[in-house]
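In: My questions concern the predicted model and sequence given below.
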Amino acid sequence: MTTAMVCEGLTRNVSARSVSWPAGLLRPDRSGTPPSLHSVYVAVLAGLPLVLTISPWLLIIGIAAIAAAWFYTGGPKPYGYLGLGEVFVFVFFGLVATVGTTYVAIEKITALSVVLGCAAGALACAMLVVNNLRDMATDRSVGKHTLAVRIGDSATRRLYILLVSVPFLLIALVTVASPWAIITLTVAPLAIQPCRAVLNGAIGKELIGVLGATGRLQLAFGYRHGCNGSGCVGMKKQDNDRQEQRY
């Protein structure tokens, strides 16, 4: 779903701005197949072995994810232009991605994976919110009713701050059960610059830098938490217990 949405978003942005890209990068190939559809093929090939070895329920989740990716900007009424993009991004980029990965690893849904899924979803939504904030004027002029268009400039900026703050509040809660998680809070300074820019009224091209900074924050947050082992220790223990039960 991630790669499909990225390709759809890039294609939309490139089309809207008449940007010149290397031939074939975002355009349909000689067969007329768009890049987003190729990403679906890759997702299916990668996911089928998991469906066969872990659980057939993963097939339903996979189909839902592909449908969510496609109808984000596709179909007669793309939900991304109805103000629902953030809802689906939170669910699929956050909860489904994190909880689903945990389930594939240990065949169990844990409270920790749900909490961290919410953190990941919030940061993913922050990326979408700042992108829609940048495009608010053009989206409004062509009838695209994104959440930013619906709630207005000021509320969208406050929403961005909230979405960037929530992951760190959740990590503070996680430290109660897993003290090592506190290391993840060391990436908090990366949130200062983009939040300050949004609060100071950055618009247009200024928000491109905010978008990049938000992406770096998301990457650093995931990397730092993944490396500190706070989420992995419990998963490893549960996986060992599961292996012992099998044998």
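Out: Ah, there it is.
In: Return the residues in contact with Leu173.
Out: Val115 (Cβ atoms under 8 Å, 6 or more residues apart in numbering). Using the backbone N, CA and C atoms, a C-beta is placed for each residue, glycine as well.
In: Tell me the spacing between it and Ser165.
Out: 13 Å (Cβ to Cβ, to the nearest Å).
In: same deal with Gly215?
Out: Between Gly215 and Ser165 the distance, using Cβ to Cβ, works out to 17 Å.
In: same deal with Ala68?
Out: Shown here: Ala68 relative to Ser165, a distance of 26 Å by Cβ to Cβ.
In: okay, these two: which has more neighbours?
Out: Higher neighbour count among Ala68 and Ser165: Ala68, with 19 against 15, using other Cβ atoms under 10 Å.
In: Could you list the buried residues of the helix or strand where that one lies?
Out: Element membership for Ala68, per DSSP states H and E: helix 57-73. Neighbour-count burial for helix 57-73, with 16 or more other Cβ atoms under 10 Å as criterion, is recorded at Leu58, Ile61, Gly62, Ala65, Ile66, Ala68, Ala69, Trp70, Phe71, Tyr72, Thr73.
In: Please export the C-alpha coordinates of it as CSV.
Out: Provided in CSV are the C-alpha atoms of helix 57-73 (Å, rounded to 0.1, in the frame of the first residue of the first chain):
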residue,chain,number,x,y,z
TRP,A,57,-6.6,-13.8,7.2
LEU,A,58,-3.6,-11.9,5.9
LEU,A,59,-5.1,-12.2,2.4
ILE,A,60,-8.1,-10.2,3.5
ILE,A,61,-5.9,-7.5,5.0
GLY,A,62,-3.8,-7.4,1.9
ILE,A,63,-6.8,-7.0,-0.4
ALA,A,64,-8.1,-4.2,1.9
ALA,A,65,-4.7,-2.5,1.8
ILE,A,66,-4.5,-2.6,-2.0
ALA,A,67,-8.1,-1.3,-2.3
ALA,A,68,-7.3,1.5,0.1
ALA,A,69,-4.2,2.4,-1.9
TRP,A,70,-6.1,2.4,-5.2
PHE,A,71,-9.1,4.4,-4.1
TYR,A,72,-7.0,7.0,-2.4
THR,A,73,-6.8,8.9,-5.7
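In: what's it packed up against?
Out: Under the contact definition 3 or more Cβ pairs under 8 Å, 6 or more residues apart in numbering; DSSP states H and E, helix 57-73 sits against helix 2-17, helix 35-53, helix 85-89, helix 97-106.
In: can you state the direction angle for that helix and helix 35-53?
Out: Calculated by axes from the mean of the first three to the mean of the last three Cα atoms, to 10 degrees, helix 57-73 forms an angle of 170 degrees with helix 35-53.
In: roughly how far is helix 57-73 from the heart of the chain?
Out: How far helix 57-73 lies from its chain's middle: 14 Å, per Cα atoms, centre = their mean, to the nearest Å.
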